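[1] What follows is a predicted structure for the sequence shown.
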Amino acid sequence: QKEVEQNSGPLSVPEGAIASLNCTYSDRVSQSFFWYRQYSGKSPELIMSIYSNGDKEDGRFTAQLNKASQYVSLLIRDSQPSDSATYLCAVGSNDYKLSFGAGTTVTVRA
Amino acid sequence: DTAVSQTPKYLVTQMGNDKSIKCEQNLGHDTMYWYKQDSKKFLKIMFSYNNKELIINETVPNRFSPKSPDKAHLNLHINSLELGDSAVYFCASSQDRGPRYGYTFGSGTRLTVV
């Protein structure tokens, strides 16, 4: 059973629209949650971290966490072609590991 | 200044060979990691060292051996390479022992075994 699952995608959105990415995790004691962006052929880059229930906004990105539902999401507002990438959900637990989902590929159509 | 640097960036080698990948971080982080990313982009942890102590050792073939001479360096040696070892290997580091603040990744080493 996978520890972190993401909506499979790929997700195609028009420029200026909202891209919505979802992630669920299985370990109830998880305490730290991250979204990484990975451009093709590049390394993952941390774009958001969230630790408590609710919303966290950073520019055009909003992360949402619901620990009761074991669910974390990422919204990208006013999507730009430069947002086209694979987005990786990562969940940290008490065993020192950061577990990653398989990623959702987003394509923003100009 | 590159925060987490890996060498080489590309590695093409024949089955049965032995190869090493080196990683260095200048962030002052205490913990370093090796991750493997397969062709489907899935990132899977392999090993982790905290101040030269091995703290994560996932189920990987014992042909893979990590070595950390100091907390700024973590190397990965692979013996008797197989076709299935072809992947991108990422080194990463974090501020403390756990994933509390996320990881900083190196640029990756694309290993191709032919």
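    Okay, I see it.
[2] ok, residue 103 - how many residues close by?
    By default, I'm working from chain A. Number of residues near A:G103 (other C-beta atoms under 10 Å in any protein chain shown) recorded here: 25. Placement of C-beta: from N, CA and C, glycine included.
[3] actually chain B
    Residues lying near B:Y103 (other C-beta under 10 Å) number 26.
[4] got a list of contacts for stretch A:8-23?
    Under the contact criterion C-beta atoms under 8 Å, 6 or more residues apart in numbering or on different chains, stretch A:8-23 has outside partners A:4-7, A:35, A:71-81, A:83, A:87, A:89, A:91, A:101-110.
[5] Those residues: which ones sit near chain B?
    By C-beta under 8 Å from any C-beta of the partner chain, the members of these lying near chain B are A:A102, A:G103.
[6] wouldn't B:K67 be in contact with B:K52 here?
    No: between B:K67 and B:K52 there is no contact under C-beta atoms under 8 Å: 9.5 Å.
[7] Buried ones only from the contacts of stretch A:8-23, please, as a PyMOL command.
    Here is the PyMOL command that selects the buried residues among the contacts of stretch A:8-23 (16 or more other C-beta atoms under 10 Å in any protein chain shown):
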select buried, chain A and resi 4+6+35+72+73+74+75+76+79+83+87+89+91+101+102+103+104+105+106+108
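[8] Which ones among the contacts of stretch A:8-23 lie within strands?
    Among these, DSSP state E puts A:4-6, A:35, A:71-76, A:87, A:89, A:91, A:104-109 in strands.
[9] What residues does chain B have near chain A?
    Within chain B, the positions lying close to chain A (C-beta under 8 Å from any C-beta) are B:31, B:40-45, B:48, B:50, B:55-56, B:90, B:94, B:97-108.
[10] What subset of these is buried?
    Buried among these (16+ other C-beta under 10 Å): B:31, B:41-43, B:45, B:48, B:50, B:55-56, B:90, B:94, B:98-99, B:102-108.
[11] So which of these are in strands?
    Short answer: these in strands (DSSP E) are B:T31, B:L43, B:I45, B:S48, B:N50, B:I55, B:I56, B:F90, B:S94, B:T104, B:F105.
[12] among those, which two are most distant?
    Between any two of those, the greatest separation by C-beta to C-beta is 19.6 Å, found for B:L43 and B:N50.
[13] ok, for the residue of chain A found nearest chain B, nearest residue in space, not its chain neighbours?
    For chain A, the residue closest to chain B is A:G92, as judged by C-beta to the nearest C-beta, at 3.2 Å. In this structure, A:G92 finds its nearest non-sequential neighbour in B:P99, 3.2 Å apart by C-beta to C-beta, 6 or more residues apart in numbering or on different chains.
[14] again, but for B:D70
    In space, B:D70 is closest to B:K52, 6.5 Å off (C-beta to C-beta, 6+ apart).
[15] so A:K56 touches A:I47, yeah?
    No: with contact defined as C-beta under 8 Å, A:K56 does not reach A:I47; the gap is 11.4 Å.
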